[in-house]
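**Student:** one predicted model, sequence on top.
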Amino acid sequence: MSIESAQDLKALKRIGRIVRLTLEATRRALRPGVRTADLDRIAADLFKKHGARSAPKLVYGFPGTILISVNDAVVHGIPDDYAIQPGDLVKLDVTAELDGYMADAAITVAVPPVAPRHRDLCRCTEAALRRAVRQARAGAPIRAIGRAVEREARRHRLTIIPELTGHGIGRVIHEDPDIPNYYDPFDNRRLTEGLVITIEPLICSGSGEIYEDSDGWTVRTQDGSPAAHFEHTLVVTKGKPLLLTAA
């Protein structure tokens, strides 16, 4: 969506804050022995407290409140009885709705003891997000975002997952435009002032090929390599973008 009023911006800031608070709460609770279902319950309780709803459940019928993906699971992992293990790489992906507005953000948490490859993967993916966000200015080409992500991955000798992209958001989870994590020289689309999008690098240490698990939701790397995911929802402006899920 594109912001058309002060009311739009206020509502998006409100839901963006709830997403951030949910990520913070689940991250604090994440430790060995905690089940992913326990983390999901924390998110559900926080949503209820603030009057928010799970957007994936609302829009797609997802069987959980938030998406929790571990190790080779890239995205869309279903919270269940799996107990977090030392050394796991855990993706927490929160998309919430309040009063008809939605926001989406994700972090990756490396559970100690942290393997060097997990540390490098997280650092690279988070750096790719920072670099990509700097490209999000009104009038800039969308391909500049993908170029920033792809360059950072290559610099660390890691691999983007091209099928998974950022996207427009606001009234529903996935809106136009898609925001690729790779450079397409033929993509001439440009960002417009007020546009609400997510930027979400998804990077792995393997080939970058993925498949959908038998549960019908979880997306995993084909070769079993670990993956990382960081994401913010932001508003494009003429200057520095407004990070709705960081405030």
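**Tutor:** Structure received.
**Student:** report the beta-bridge partners for the closest residue in space to Asp213 that isn't next to it in sequence.
**Tutor:** Leaving aside its chain neighbours, Asp213 sits nearest to Arg220 (5.6 Å; criterion: CB to CB, 6 or more residues apart in numbering). (Glycine included, C-beta is placed from N, CA and C.) Beta-bridge partners recorded for Arg220 (DSSP bridges): Ala73, Tyr211.
**Student:** from Pro113, how far off is Arg220?
**Tutor:** 23 Å (CB to CB, to the nearest Å).
**Student:** out of those two, which sits in the busier spot?
**Tutor:** A count of neighbours by other CB atoms under 10 Å puts Arg220 above the other of Arg220 and Pro113, at 20 against 8.
**Student:** tally of neighbours for Gly170?
**Tutor:** By other CB under 10 Å, the residues close to Gly170 number 22.
**Student:** show me where the chain has its helices.
**Tutor:** For the chain, the helices defined by DSSP state H occupy 6-29, 36-50, 55-60, 116-133, 143-155.
**Student:** who wins for proximity to Lys240 among those helices?
**Tutor:** helix 116-133 (8.7 Å; CB to CB).
**Student:** other SSEs contacting the closest one?
**Tutor:** If contacts are counted by 3 or more CB pairs under 8 Å, 6 or more residues apart in numbering; DSSP states H and E, helix 116-133 sits against strand 89-98, strand 101-110, helix 143-155, strand 196-199, strand 202-204, strand 227-229, strand 232-235.
**Student:** and for that helix, what are the contacting residues?
**Tutor:** 87, 89, 108, 110, 145-146, 148-149, 151-153, 155-156, 158, 181, 199-205, 226-232, 234, 241, 243 (CB atoms under 8 Å, 6 or more residues apart in numbering).
**Student:** by how many degrees do that helix and strand 101-110 diverge?
**Tutor:** 150 degrees (axes from the mean of the first three to the mean of the last three CA atoms, to 10 degrees).
**Student:** from the chain's centre, how far out does helix 116-133 sit?
**Tutor:** 13 Å (CA atoms, centre = their mean, to the nearest Å).
**Student:** got the buried residues for that helix?
**Tutor:** 118, 120-122, 124-129, 131-133 (16 or more other CB atoms under 10 Å).
**Student:** for stretch 172-186, same thing?
**Tutor:** For stretch 172-186, by 16+ other CB under 10 Å, it's 173-175, 177, 179-183.
**Student:** from the residues you listed, which is closest to Met1?
**Tutor:** Among those, and counting by CB to CB, the member closest to Met1 is Glu175, at 6.3 Å.
**Student:** ok, and the closest non-adjacent residue to that closest one?
**Tutor:** In space, Glu175 is closest to Gly168, 3.4 Å off (CB to CB, 6+ apart).
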